[in-house]
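>>> return atomic coordinates for the entry below.
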Amino acid sequence: MAQSFQPPAPDSYTAAPAPAPARRGNVGLGILAAVVAALVAAGAYGGIMNAIDRQVGYAAVAVGALIGLAAGKIGGKNPVLPVVSAVLSVGAVYLGQLFFIALALSEFAHIGLGDVLSDPGIGGLNDIWKESAEAMDYLFLVIGGVVAFGAARKVSD
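This is a model prediction of the structure:
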């Protein structure tokens, strides 16, 4: 007795492909973004200080926030990024202060910025910074670093 067997009809349901694993941030790109943000922020910080002829704490906060946001958003959740952001922020605030000194010397001596950067150079600007640095200068360095650390951690969560 032969029975005919018909296989079941195919379902109209087709399984969707498995979702791609969640992309983790790229640490290298995060650091690169933080470096670019640090250079841009340093120039802006020095330019703002030159325009108003003094330092403002909010500008140091903005420098730290920009660097931390860039690193955390692009780099993702990595414990190295907040530390790198803090270090880069301290450097950016410092470079911004040096840029402010260079701009002030350029205006005072009525010479081009390139001449200021080539004649005394970074070493000369650093010497001027060390002689004129006050407690507030160091405080702004710390503020920028703390804000960058916190922003990088917060954004990557």
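>>> for the helix or strand bottoming out on mean pLDDT in the chain, buried residues please.
Using mean pLDDT, DSSP states H and E, the weakest-scoring helix or strand in the chain turns out to be helix 113-118, at a mean of 86. Within helix 113-118, the residues that qualify as buried are Val116, Leu117, counting by 16 or more other Cβ atoms under 10 Å. Placement of C-beta: from N, CA and C, glycine included.
>>> I'd like the numbering to begin with 36 instead of 1 from here.
With 36 as the first residue, the last one maps to helix 148-153.
>>> elements contacting it?
Contact analysis of helix 148-153 by 3 or more Cβ pairs under 8 Å, 6 or more residues apart in numbering; DSSP states H and E lists helix 115-144 as its packing neighbours.
>>> go again with 10 Å.
Identification of packing neighbours for helix 148-153 by 3 or more Cβ pairs under 10 Å, 6 or more residues apart in numbering; DSSP states H and E yields helix 115-144, helix 156-167.
>>> ranking those helices by burial, who's on top?
When those are scored by mean count of other Cβ atoms under 10 Å, the highest mean neighbour count falls to helix 115-144 (a mean of 21).
>>> that one vs helix 156-167, what angle?
Interaxial angle, helix 115-144 versus helix 156-167 (axes from the mean of the first three to the mean of the last three Cα atoms, to 10 degrees): 90 degrees.
>>> check the offset of helix 115-144 from the chain's centre.
12 Å (Cα atoms, centre = their mean, to the nearest Å).
>>> let me see the mean pLDDT of that helix.
What helix 115-144 shows for mean pLDDT is 94.
>>> and if you look at stretch 92-105?
The pLDDT scores in stretch 92-105 average 94.
>>> what residue is smack in the middle of the protein?
Centroid-nearest residue in the chain, with Cα atoms, centre = their mean: Ile102, separated by 1.8 Å.
>>> so that residue: helix, strand or coil?
helix (DSSP: H, G, I helix; E, B strand; the rest coil).
>>> what residues are up against it?
Applying Cβ atoms under 10 Å, 6 or more residues apart in numbering to Ile102 gives the contacts 68-77, 119-128, 179-180, 182-184, 186-187.
>>> measure it to Val96 for me?
11 Å (Cβ to Cβ, to the nearest Å).
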